[in-house]
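Asks: next come a sequence and a model predicted from it.
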Amino acid sequence: MPELPEVETVARLIAPRVTGRTILSAEAGWLRSLGGPSLADFEESVRGATIAHVGRRAKYIVLSLTRPGQPAQPSGALLVHLRMSGRLHVEPRSLPLGPYTRVALQLSDEHTLRFDDVRKFGRFTFTEDPLATLAHLGPEPLEGDFTGEWLHAALRGRQRQLKPLLLDQEFVAGLGNIYVDEALHEAKLHPLMSADRVTKAQAERLVDAIRMILSEAIAREGSSFDTFYRTPEGQPGSYQDQFRVYGRDGRACRRCGATVQKFVVGQRGTHVCPRCQRAPRGVGA
DNA sequence: AGCTACTCCTGGTAGC
DNA sequence: TGCTACCAGGAGTAGC
């Protein structure tokens, strides 16, 4: 599913098509996608609101709402999390909803903002206070405060394995299974190494790798390798062509030629070049 | 604190 | 061909 680059792509492409539109009504094909409230309560929260801005925080697409007549006054936000298989897109109202459309908002310009989600893990929720709802999230890896110095300090004293820590959205926001594997390979760090054994130089390398990989992936509109992730225009991203290790187990490392290996870390498939990424002591593979 | 297992869901595909 | 088992980009919860 979508990680930061994919979510960023969706937010950017959706923005010009929904900003300034007013929400006329809401429908839900799967109530749980709304994250708790009834459809009636959800609709009451959003009906008549105008989508003032579309942004991204971590893997959430944030649609900030205002009320007509008080454009300077925030009126809550829609938080869309695509999880594994969610798609957010805008279609003409005349186009029938699909079998996987979980939430649909009728907009004031004859279009419908649709949330489709095969696996139903995604969420399309309303919050009165987006800052509070998103307050638990860690720093944005593409912002200026995500530095090698910060990372080194944040890792100090933590006994966790590096990969699960990087996947923890409260530690750093936006990374998922693909880009963590890619960044660890680029920085030549093993996913199982203990966080507090990362040196300052390694932390700087890792920050550089994360920022570079995420930026390149955004430039290529994310990664698509099955029918799930598509941009709101229906196009696949192209960053999958650049994968260093993800999904390349059994093939040659692009940097050194050794065979990429796959194993499981924290129930997630994990890809590593055994030559570029030296295993910590006591780890066989 | 940090690890593992389990859960939410469906569809594609590898393997037999 | 057809069936089954397993796998998937996420993340919350519970138990040890």
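Replies: Happy to help now that I have it.

Asks: burial measure for the one residue in the stretch 101-250 of chain A that gets nearest to DNA strand C, as a count.
Replies: Taking CB to the nearest atom of the strand as the measure, the stretch 101-250 of chain A has residue A:176 as its residue closest to DNA strand C, at 1.9 Å. The way it works is simple: take the backbone N, C-alpha and C, and place the C-beta from them, glycine included. As a burial measure, residue A:176 scores 19 neighbours (other CB atoms under 10 Å).

Asks: so it touches residue A:59, yeah?
Replies: Yes. In terms of CB atoms under 8 Å, residue A:176 counts as a neighbour of residue A:59; the distance is 7.3 Å.

Asks: need the residues touching each of these two.
Replies: Common contacts of residue A:176 and residue A:59 (CB atoms under 8 Å, 6 or more residues apart in numbering): A:2-4.

Asks: what residues are up against residue A:134?
Replies: So residue A:134 contacts A:57-58, A:60, A:62, A:79 (CB under 8 Å, 6+ apart).

Asks: mind putting the shared contacts of residue A:176 and residue A:59 into CSV with distance to residue A:256 and pLDDT?
Replies: Shown next, in CSV, are the shared contacts of residue A:176 and residue A:59 (distance: CB to CB, whole Å; pLDDT from 0 to 100):
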residue, distance to residue A:256, pLDDT
A:2, 30, 94
A:3, 26, 97
A:4, 27, 97
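
Asks: compare the residues you listed and tell me which is most surrounded.
Replies: Going by other CB under 10 Å, residue A:2 tops those with 28 neighbours.

Asks: and that one, how far from residue A:88?
Replies: 10 Å (CB to CB, to the nearest Å).

Asks: what is in contact with those two at once?
Replies: Joint contacts of residue A:2 and residue A:88 (CB under 8 Å, 6+ apart) are A:10, A:82.

Asks: just give me the longest helix of chain A.
Replies: helix A:200-219 (DSSP state H).

Asks: hmm, back to that, wait, which of the contacts of residue A:134 is closest to DNA strand C?
Replies: residue A:58 (6.3 Å).

Asks: who's in contact with the nearest residue to that closest one once chain neighbours are set aside?
Replies: Excluding the flanking residues, the one nearest residue A:58 by CB to CB, 6 or more residues apart in numbering is residue A:173, at 3.5 Å. With contact taken as CB under 8 Å, 6+ apart, residue A:173 is in contact with A:4, A:57-59, A:137-141.

Asks: isn't residue A:214 up against residue A:179?
Replies: Yes. Between residue A:214 and residue A:179 there is a contact under CB under 8 Å: 6.4 Å.

Asks: can you pull out the helices in the stretch 1-150 of chain A?
Replies: A:4-18, A:39-46, A:130-133, A:148-155 (DSSP state H, counting those that start in this stretch).

Asks: taking helix A:200-219 as reference, get the angle to the longest one.
Replies: What it means is helix A:4-18. Put simply, helix A:4-18 runs at 40 degrees to helix A:200-219, going by axes from the mean of the first three to the mean of the last three CA atoms, to 10 degrees.

Asks: residues contacting residue A:277?
Replies: Applying CB under 8 Å, 6+ apart, the residues near residue A:277 are A:184-185, A:188-191.

Asks: residue A:59 too?
Replies: If you count contacts by CB under 8 Å, 6+ apart, then residue A:59 has A:2-4, A:7, A:81-82, A:169, A:173-174, A:176 around it.

Asks: how near is the closest residue to the residue of the stretch 101-250 of chain A closest to DNA strand C other than its chain neighbours to residue A:252?
Replies: Distances taken as CB to CB, 6+ apart place residue A:3 nearest to residue A:176, at 3.5 Å, with adjacent residues excluded. Applying CB to CB, the value for residue A:3 to residue A:252 is 25 Å.

Asks: before we move on, what about residue A:211?
Replies: Residue A:211 is 26 Å from residue A:252, by CB to CB.

Asks: out of the contacts of residue A:173, who's near DNA strand C?
Replies: Counting by CB under 7 Å from any atom of the strand, A:58-59 from these sit close to DNA strand C.

Asks: pick out the most distant pair among the contacts of residue A:173.
Replies: A:59 and A:139 (14.0 Å; CB to CB).
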